[in-house]
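> give me the fold of what follows.
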Amino acid sequence: MSQHIGSLLHRVRADQSGAAAIIVAASIFGLVGVGALAFDLSYLFYAQRVLQASADAAAAAGAQDIGSGGTPIATATSYSAVSSNKNAQPNLTVTMASGYPLLKCFASTGVTCSTNHTPATSANGIQVRQQAAIPLLFGRVFGMSSVQISATSTASAKGGIPHPLDVMVIVDTTGSMNGGDSSCSVPGITNPTRLDCALYGVRALLSGLWPCAQGLSSCGAAPAVDQAGLIVFPPLTNAGQTQYEYDCLTNPHPVTAPYLGVSSNTNASTPSGATLRFSATPAFNTGTLALVTDTTHPSVIPAGTYVQSVTSNTAILSQSVTGLGVASGDKIVVAPLYQIIGLVDDYRISDTAALNTVSNLVKAARGGTTGCTQGIDAQGGFGTFYADAITAAQTALTTSGRANAKKVIILLSDGDASASSNNMPAGEANNQCHEAITAAQAAAAAGTWVYSIAYGASTSSSGSCATDSPRISACSTMQQIASDPTKFFSDTVGGTSTCTSAANSISALNQIFQSIGTSLTTTRLMPDSTT
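Predicted coordinates:
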């Protein structure tokens, strides 16, 4: 009996036919475990990326509202991955860490801390921290049902060093700008006019632009970052209006147009050089410098050319003619002067300095100065017409702007274009508001950002834009002039107008200009360790 049992045990020990099954079973268990572990790790990496991306989006969105009258904490929350918000994930339960989003005032970003938002906490940045519990599959075997992950993102407000900008500001200087604005406060002026308020806004804009790179104690010969210029309407049309420019004692500006539409026809060609020839003394020989253009062949006299001197039958231009030159019989026309200051970068001597009081641009923006004519004035005597001012601004940006700079036009007006035909170029007396919209749309189509500021604009189509058919309100005109709704602002002038902006609730002119200045830059993500 024992012999049979021994033989059986020997055969069992020698039989290995089931060993492979055992090994395979064990291997399958191991492979399943590794697969489950890989799934857990992959899902953790995915969840972390989603959490970080939504935190970045929330921080960037919240930073947009800092200093611009918005609600950065509420906005950041709305762009988070927390349930019911814009970046919520169906299979990921996310919560905002306690105390976040958190407004921050960083010392190293180059952006001024502001309280122009809700809550009115001094800030130039915002930090978002999200967290989520991620369920595990294989981890349960080891007693780990979930892993807590978090993501932090920090963003700086707009207003840091932007890409280069070429900015032309257009200011309404019609007679209505001599009226008061009870809702406006300008330091140093007891009863500011609407023009005082507008120029205070221009100064606020210049204070926010970057004349040169960050960190320089003086710009010196450093390349400009932002350039700015100034255009007014109605244009200067005679030598007596030089007082409306910007200098207390003299008028250093080299161009003053005698009067609109005066012309003379050449009697000889000018294929090169700068001497125009006439059969008699040109009609624009008034003893002052005059902007001129060749309306027969518009491209041959460079934009911004003026007459330096006139003899009995010749006129010497400030620039030589181009291309085939001026032909005999060409019509040379005096142009009205819209551009008061061309693109300059001397408005501040460094990115941290105050406004440079010797800059002609700053002088022009110093309205309300007592005892002299420094600062542009509202000359009156003309109705509002600004389509050509927009075109002049775009022309200046095209001919004098830099190839690598973003082109910007900022127009401030009540929008009611209704000038008398006696003061209008031929063919432009009708549909003056629609002409302005067309000019702005042409500039936008060329890539220029066009901002409009409606200053007390009427919402009545029967009470404004009287030359237009179909009628359009001044408010609607200014809305359509802006490149997009985010670039339309409105100041209601003490509540006398119901023209408002759906995208921008700010109504004080200096804050509007500040907001435009910051909108020209973008928010940027920063290291979370920024102090």
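> the helices in the stretch 101-250 of the chain, which residues?
Under the criterion DSSP state H, counting those that start in this stretch, the stretch 101-250 of the chain contains helices at 194-208.
> look at the nearest residue to Ala442 once chain neighbours are set aside and give its secondary structure.
What sits nearest to Ala442 in space, not counting adjacent residues and going by C-beta to C-beta, 6 or more residues apart in numbering, is Gln394, at 7.1 Å. From N, CA and C alone the C-beta is placed, and that goes for glycine too. Following DSSP: H, G, I helix; E, B strand; the rest coil, we place Gln394 in the helix state.
> Gln394: neighbour count?
Neighbour count of Gln394, defined by other C-beta atoms under 10 Å: 22.
> how about the one 4 residues further on?
When neighbours are counted by other C-beta under 10 Å, Thr398 registers 14.
> please apply the same query to Thr467.
Residues within reach of Thr467, counting by other C-beta under 10 Å, total 21.
> that's a helix at it, yeah?
No: the assignment for Thr467 (three-state DSSP) gives coil, which keeps it out of a helix.
> state the distance from Ile73 to Asp388.
Distance, Ile73 to Asp388, by C-beta to C-beta, to the nearest Å: 45 Å.
> wait, Cys184 sits on Gln511?
No: in this structure, Cys184 is not within contact of Gln511 by C-beta atoms under 8 Å, at 10.9 Å.
> neighbour count winner among these two?
Cys184 (22 against 19).
> find the nearest non-adjacent residue to that one, please.
Spatial nearest neighbour of Cys184, chain neighbours left out: Cys197 (3.8 Å); criterion: C-beta to C-beta, 6+ apart.
> that neighbour against Pro187, yeah?
No: in this structure Cys197 lies outside contact range of Pro187 using C-beta under 8 Å: 11.6 Å.
> who's more crowded, the two?
With neighbours defined as other C-beta under 10 Å, Cys197 and Pro187 compare such that Cys197 has more, 26 against 7.
> contacts only, for that one.
Residues near Cys197 by C-beta atoms under 8 Å, 6 or more residues apart in numbering: 181, 184, 186, 509-510.
> per-residue pLDDT, the residue nearest to Cys184?
pLDDT for Cys197: 90.
> could you report the separation of it from Asp388?
For Cys197, the distance to Asp388 - C-beta to C-beta - is 25 Å.
> just the buried residues of the helix or strand Ile316 falls within, please?
According to DSSP states H and E, Ile316 maps onto strand 314-317. For strand 314-317, the neighbour count (16 or more other C-beta atoms under 10 Å) marks 314-315, 317 as buried.
> quick one on the thing from earlier: okay but the residue nearest to Ala442 is in contact with Trp449, surely?
No: with contact defined as C-beta under 8 Å, Gln394 does not reach Trp449; the gap is 11.4 Å.
> what touches both of these two?
Common contact partners of Gln394 and Trp449 (C-beta under 8 Å, 6+ apart): 407, 409.
> domain ranges for this structure?
Following automatic domain parsing, one gets these domains for the chain: 23-156, 165-254+338-500, 258-335.
> so which of these comes closest to Pro527?
Taking C-beta to C-beta, domain 23-156 is the member of those nearest to Pro527, at 7.0 Å.
> pLDDT of that closest one, averaged?
Average pLDDT, domain 23-156: 82.
> the stretch 301-450 of the chain: strands as residue ranges?
For the stretch 301-450 of the chain, the strands defined by DSSP state E, counting those that start in this stretch occupy 306-310, 314-317, 331-334, 337-344, 406-413, 449-455.
> equivalent analysis for the stretch 151-300 of the chain, please.
Assigned by DSSP E, counting those that start in this stretch, the stretch 151-300 of the chain shows strands spanning 165-172, 226-236, 263-268, 275-278, 290-294.
> can you list contacts of the strand holding Ile316?
Contacts to strand 314-317, defined as C-beta under 8 Å, 6+ apart, come from residues 274-278, 282, 284-285, 292, 301, 305-310, 332.
> rerun that using 6 Å as the cut-off
Under the contact criterion C-beta atoms under 6 Å, 6 or more residues apart in numbering, strand 314-317 has outside partners 274-277, 282, 305, 307-309.
> so what's Ser359 up against?
Residues near Ser359 by C-beta under 6 Å, 6+ apart: 346-347.
> how about 7 Å then?
Ser359 makes contact with 344, 346-347, according to C-beta atoms under 7 Å, 6 or more residues apart in numbering.
> adding neighbour count and distance to Leu44, write those residues out as a markdown table.
Shown next, in a markdown table, are those (neighbours: other C-beta atoms under 10 Å; distance: C-beta to C-beta, whole Å):
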| residue | neighbour count | distance to Leu44 |
| --- | --- | --- |
| Val344 | 17 | 56 |
| Asp346 | 16 | 56 |
| Tyr347 | 24 | 53 |
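> element containing Ser483, please.
Applying DSSP H and E, one finds Ser483 in no helix or strand.
> what's the local residue count around it?
The number of residues packed near Ser483 is 20, by other C-beta under 10 Å.
> now do Asp491
Using other C-beta under 10 Å, Asp491 has 29 neighbouring residues.
> Ala354 is nearest to which of the strands of the stretch 151-300 of the chain?
Counting by C-beta to C-beta, Ala354 lies closest to strand 226-236 out of the strands of the stretch 151-300 of the chain; the figure is 15.7 Å.
> what sits against the residue nearest to Ala378 when sequence neighbours are not counted?
Leaving aside its sequence neighbours, Ala378 sits nearest to Met177 (C-beta to C-beta, 6+ apart; 3.9 Å). Shown in contact with Met177 (C-beta under 7 Å, 6+ apart): 193-195, 198, 378.
> redo that, cut-off 10 Å
For Met177, the contact set (C-beta atoms under 10 Å, 6 or more residues apart in numbering) comprises 171, 193-199, 367, 376-380, 384, 412-414, 455-456.
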